[in-house]
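[1] sequence first, then the predicted structure, then my questions.
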Amino acid sequence: TSNGWESLHCKFDQIGRRQPLSTIASAFDSLFLTLLSSENTWRSGGSDTLGDIRTNLLKSFDEESFPILFHLMPNLRRVVSTDGNSTDMQQTEYVFDEFALISSKIRVHNLFYELLKAISDTPILLFLDDLHWADSASLELISFLIDEMGASIAEDDLPSLLVLVVCWPYYWFHHHWPML
């Protein structure tokens, strides 16, 4: 965090392509770990940001959504628990099924969108490094977020801004950019 911006760094690689959304989910999980390790003062204002985000998350998601999110981002369970060690959240096991995840991609896209809305009281910088190695589910999610965030900003429905910084080899852009 610097100058009121939160940043998430996603470094895609060939190995990460094997598990859909793992790189993006890992960036969010790291953000949650930072939040937990900062003793409830995530931003320089010194307010109880952990409590505020916990409240927003609990309002934004139902019991069926949390197991999916917990599977993708294990530290989120600790963020939403009131005792810091997840004992008060139902320990429902979510069996990860890659095919089910892909078939319910609209639901997963909406979960990430709602997650961004719940945690973003300041602008978020999402740095996407080596995008040419991204899995197709991550590319679809990024496209979805661009579309939804743009619509939300136009409707003045979103309190913050999502800025994407993308890096990839120059030669790759002209032949492979799936979002244009």
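    Right, received. Where do you want to start?
[2] got the contact list for Ile142?
    By CB atoms under 8 Å, 6 or more residues apart in numbering, the contact set of Ile142 is 24, 128, 134, 164, 179. C-beta: built from backbone N, CA, C; applies to glycine.
[3] any low-confidence regions in this structure?
    1-4, 39-47, 83-103, 151-161, 168, 170-180 (pLDDT under 70).
[4] can you give me the strands in it?
    For the chain, strands defined by DSSP state E occupy the ranges 6-11, 124-129, 162-166.
[5] endpoints of stretch 12-20, how far apart?
    For stretch 12-20, the first and last residues are 11 Å from each other (CA to CA, to the nearest Å).
[6] what does that stretch contact?
    Contacts of stretch 12-20 (CB under 8 Å, 6+ apart): 22-23, 98, 101-102, 128-138.
[7] returning to what we had before: distance to Ala118 and neighbour count added to the contacts of Ile142, as TSV?
    Output for the contacts of Ile142, formatted as TSV (distance: CB to CB, whole Å; neighbours: other CB atoms under 10 Å):
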residue	distance to Ala118	neighbour count
Ile24	16	25
Leu128	21	22
Ala134	24	26
Leu164	19	15
Met179	25	11
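[8] closest to Glu63 among those residues?
    In terms of CB to CB, no member of the contacts of Ile142 lies closer to Glu63 than Ile24, at 23.4 Å.
[9] out of the strands of the chain, which is closest to Asp52?
    Nearest to Asp52 among those is strand 6-11 (13.4 Å), distances taken as CB to CB.
[10] against which helices or strands is that closest one packed?
    helix 22-37, strand 124-129 (3 or more CB pairs under 8 Å, 6 or more residues apart in numbering; DSSP states H and E).
[11] residues near the residue lying closest to Met73 once chain neighbours are set aside, how many?
    Nearest residue to Met73, sequence neighbours excluded (CB to CB, 6 or more residues apart in numbering): Asp29, at 4.1 Å. Look at Asp29: counted by other CB atoms under 10 Å, it has 18 neighbours.
[12] over to Ser26?
    Counted with other CB under 10 Å, residues neighbouring Ser26 total 18.
[13] show me the contacts for it.
    Cys10 are the contacts of Ser26 under CB under 8 Å, 6+ apart.
[14] which positions in the helix ranked longest in the chain come out as buried?
    In terms of residue count, the longest helix belonging to the chain (DSSP state H) is helix 136-154. Within helix 136-154, the residues that count as buried by 16 or more other CB atoms under 10 Å are 137-142, 144-145, 148-149, 152.
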